[in-house]
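**Student:** got a predicted structure here, sequence first:
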Amino acid sequence: MTRLSEAQVAARPLLLVVGPTAVGKSEIALALAQTLGTEILTADSRQVFRGLDVGTDKPPVESRGGVPHRLIDLAEPDQPFNAGAFRRHALVEIERLYGEKRVPLVVGGTGLYVRALVRGLCDVPETDLPTRARLIEQARRQGRAFMYQELQRVDPATAKRIHPNDEPKILRALEIYQRSGKRLSEIQDHHRFGDDTFTSLIVGLTRERGALYRRIEVRVEHLFARGLVEETRRLLAQGYSRESAAMKGLGYRQVAGLLAGEYGLEEAVRLLKRDTKRFAKRQMTWFRKEPHVEWMSIQEHESATTVAERIARRAEDFLAHLADSHSAQVVVEGR
RNA sequence: GCCGAGGUAGCUCAGUUGGCAGAGCACAGCCCUGAAAAGGCUGGUGUCGACAGUUCGAUUCUGUCCCUCGGCA
C-alpha cells in the first residue's frame, strides 16, 4: 500500500502501463494496483461502452479482485465518445485519487487516449454531430476528392498532412474550420502535444511477436467460447447498427458479418484473429514512437505477479525520486 | 509398376514464343491532435523441385532423377 506524501502529490505523478492487446496488461495491472493500493483507470476506447463486455475482454466484476476499474461503462454503444471525453473523465478520477494520496494507475492500449491524457489535446471545437453528418452526406454526394480539394483550399497545411483517401481525418479538419473559422494546422502547430500536467512513468509491455500472436489466437477462441456471438446478436437486436463506433470494433464487426450470412463461423474466427494481430501491430507502431516509454519485455513463462513486482519496484523508485526532486525544488525556492 | 496431371513467395495459383519473376490472400514497415479496436499509406519476402545438356543467356527447351495428386493394375 503506497500513500503519497504532500510533496509527491504536488509533483502530480502518473503511472501508465501500455502495450498491445493480449500482452497481459489487465492481469498485471490488477496485481500492481493491489500492491500499490490504488485503482485502475482503463484507457480503452471500446471498454467505455456499456454492454460491450465479452468482445472487449472487459474484466468481469468477480475477477477484479476488489480493485475498482474506472473509465469503463461510461457511454451507451450509440452515444458519441472520444479522446476529449476520455481526458475529462480521467482528470476527475485522477484528482480524486490525489485527494486520497494514491498514485493513479492508467492501463490501456488506446494510444490516442493515453497521449491525450499525458500530453493534452489542442484547443479545437468539440465534435459536432450535425456538422459531421452534413459533411459525411456531402462526401457521399460529391466524393472524397472534392472534400480533399475543399480542405486544400481552406487549410493547405492540414491537407498536406492528410492522405487524400483518409476521409475521416479530412472531414474532421473541415468540421473544425467550419465551426471555428480556424485552421487545424495552426491550432496544432501551437499545441504540439505540449501539455505537461503530470510527471509520468510510462511502462510499455512487449512480448516476442510470435508469442503475442499465439496469445491473440487463444484469446479469440475464448471470446467465441464465452459468447461473443450471443453478445453481438443482442446488441444488434437492441438496435445498435453495424455502422456505430461501438459495433465497428474488433469482434463485433467480424461477428456482424457472420450473423448477416456473409461467411461462416470458421471464417469469422480467422478474420478476428487476423484483424486483432494487425491491430496489435498498429498499437506497437504507435507506442514505439511515443516519447519516454520504458519498455519491459515479458517472457513466455513469466507470471503476471512477477511482472507486476518488476513494475512495482520501478514505480517505487520513480515515486521516491519524485519526492527528492520536489523537496530540492522547495529548497531552491526558499533561498 | 504403368498412364496422366503437377512441383514458381508463407498459402492458392498465374506467367515468361529463352532476356532483371507476379497476382490475391498471408506477412512486414509506417502515419495519426475529440470516430483511434476507427481511418489511411508503403513494401515482394523467391535456389521458379534437383542435377546435367543445348544456348551469349534456361524458371522457360531437352534428358535423367526426386517428390505430390489422380487413374489403372
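**Tutor:** Cool, the structure landed.
**Student:** where in chain A is pLDDT low?
**Tutor:** For chain A, the stretches flagged by pLDDT under 70 are A:323-335.
**Student:** how about it: which residue is closest to RNA strand B?
**Tutor:** Closest residue of chain A to RNA strand B, CB to the nearest atom of the strand: A:Gly84 (1.7 Å). (Glycine included, C-beta is placed from N, CA and C.)
**Student:** which residue ranges form the strands in the stretch 101-250 of chain A?
**Tutor:** For the stretch 101-250 of chain A, applying DSSP state E, counting those that start in this stretch gives strands covering A:105-108, A:199-206.
**Student:** just give me the neighbour total for A:Ser45.
**Tutor:** A count of nearby residues for A:Ser45, using other CB atoms under 10 Å, gives 20.
**Student:** do the same with A:Ala260
**Tutor:** Neighbours of A:Ala260 (other CB under 10 Å): 10.
**Student:** how far away is the nearest residue to it once chain neighbours are set aside from A:Gly251?
**Tutor:** Nearest non-adjacent residue to A:Ala260, counting by CB to CB, 6 or more residues apart in numbering: A:Arg242, 7.9 Å away. Distance, A:Arg242 to A:Gly251, using CB to CB, to the nearest Å: 13 Å.
**Student:** between the two, who's got more neighbours?
**Tutor:** Neighbours were counted for A:Arg242 and for A:Gly251 using other CB under 10 Å; A:Gly251 has more, 25 against 15.
**Student:** just checking, the residue of chain A closest to RNA strand B touches A:Leu117?
**Tutor:** No: counting by CB atoms under 8 Å, A:Gly84 does not reach A:Leu117; the two are 10.9 Å apart.
**Student:** okay, those two: which has more neighbours?
**Tutor:** A side-by-side neighbour count of A:Gly84 and A:Leu117, using other CB under 10 Å, places A:Leu117 first with 27 against 14.
**Student:** which residues touch that one?
**Tutor:** Each residue near A:Leu117 by CB atoms under 8 Å, 6 or more residues apart in numbering is listed here: A:Leu14, A:Ala43, A:Phe86, A:Arg87, A:Ala90, A:Val106.
**Student:** hmm, 10 Å instead?
**Tutor:** By CB atoms under 10 Å, 6 or more residues apart in numbering, the residues touching A:Leu117 are A:14, A:16, A:41, A:43, A:71, A:83, A:86-87, A:90-91, A:94, A:104, A:106, A:108, A:195, A:197-198, A:200.
**Student:** A:Ile136 too?
**Tutor:** Shown in contact with A:Ile136 (CB under 10 Å, 6+ apart): A:Met147, A:Glu167, A:Pro168, A:Leu171.
**Student:** then A:Pro13?
**Tutor:** Going by CB under 10 Å, 6+ apart, A:Pro13 touches A:4, A:98, A:103-104, A:198-201, A:315, A:318-319, A:322-323, A:326.
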